[in-house]
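Undergrad: All I have is the shape, not the residue letters:
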């Protein structure tokens, strides 16, 4: 990875929780120590990308499950059922517009973001890994906000069709120290 330009969108990453940002900084230090060059980048209108993704994904998911929704609705839990039903209320014109917009937004993202960077680094989750109880909100009023936080950093890239690699990090805090000779000292976690 030495010499690769690693793009960082501080605005988008700044929307993650403090715990996630702390782990993110550890990863940046690690990649910098491996010889990557950290460069500032910006994704064009991250919120719009997320909204366009929803306009494509919800109707597609609803269509894929429609037969079972009509004949076996009890097989779906309240949260999944609510998300699938949401797709019924997206007009076809909005769905088709979002599909057509994908190419335009992909070109904008490649030109604006990847002209300066070879790869970008984003967290997978905006918050620490939630428990089942935290995300089991049923079909209630907090469903969309709960799911939005979970897919905040993956849904826009999925919409654009950009390839991604998920790298695991330890749940505990780590510190990375560059020893000056190219060696990285990583301290923390359960094993110290």
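TA: Here it is on my side, so go on. Model, not experiment: these values are computed from the prediction.
Undergrad: Show me where the protein has its helices.
TA: Residue ranges of the helices in the chain, as given by DSSP state H, are 10-13, 18-33, 46-71, 78-86, 92-112, 132-135, 143-150, 155-160.
Undergrad: residue closest to the middle of this protein?
TA: residue 153 (1.6 Å; C-alpha atoms, centre = their mean).
Undergrad: If we ignore the residues flanking it in sequence, what's nearest that residue?
TA: Leaving aside its sequence neighbours, residue 153 sits nearest to residue 122 (C-beta to C-beta, 6 or more residues apart in numbering; 4.6 Å). C-beta coordinates here come from the backbone N, C-alpha and C atoms, glycine included.
Undergrad: And that neighbour, how far from residue 143?
TA: The spacing between residue 122 and residue 143, counted by C-beta to C-beta, to the nearest Å, is 24 Å.
Undergrad: if we can go back for a sec, any idea which of the helices of the chain gets closest to residue 1?
TA: helix 18-33 (6.8 Å; C-beta to C-beta).
Undergrad: So for that closest one, what gets flagged as buried?
TA: 20, 21, 23, 24, 26, 27, 28, 29, 30, 31, 33 (16 or more other C-beta atoms under 10 Å).
Undergrad: can you name the two of the residues you listed that are farthest apart?
TA: Checking the buried residues of helix 18-33 with C-beta to C-beta, the most distant pair is 20 and 33, at 20.4 Å.
Undergrad: okay, now the closest residue in space to residue 54 that isn't next to it in sequence: neighbour count?
TA: The spatially closest residue to residue 54, leaving aside those adjacent along the chain, is residue 155, at 7.5 Å (C-beta to C-beta, 6+ apart). Burial of residue 155 is recorded as 20 neighbouring residues (other C-beta atoms under 10 Å).
Undergrad: Adjust the sequence numbering to begin at 23 for everything that follows.
TA: Okay, residue one is now 23; in that scheme the one you just asked about reads as residue 177.
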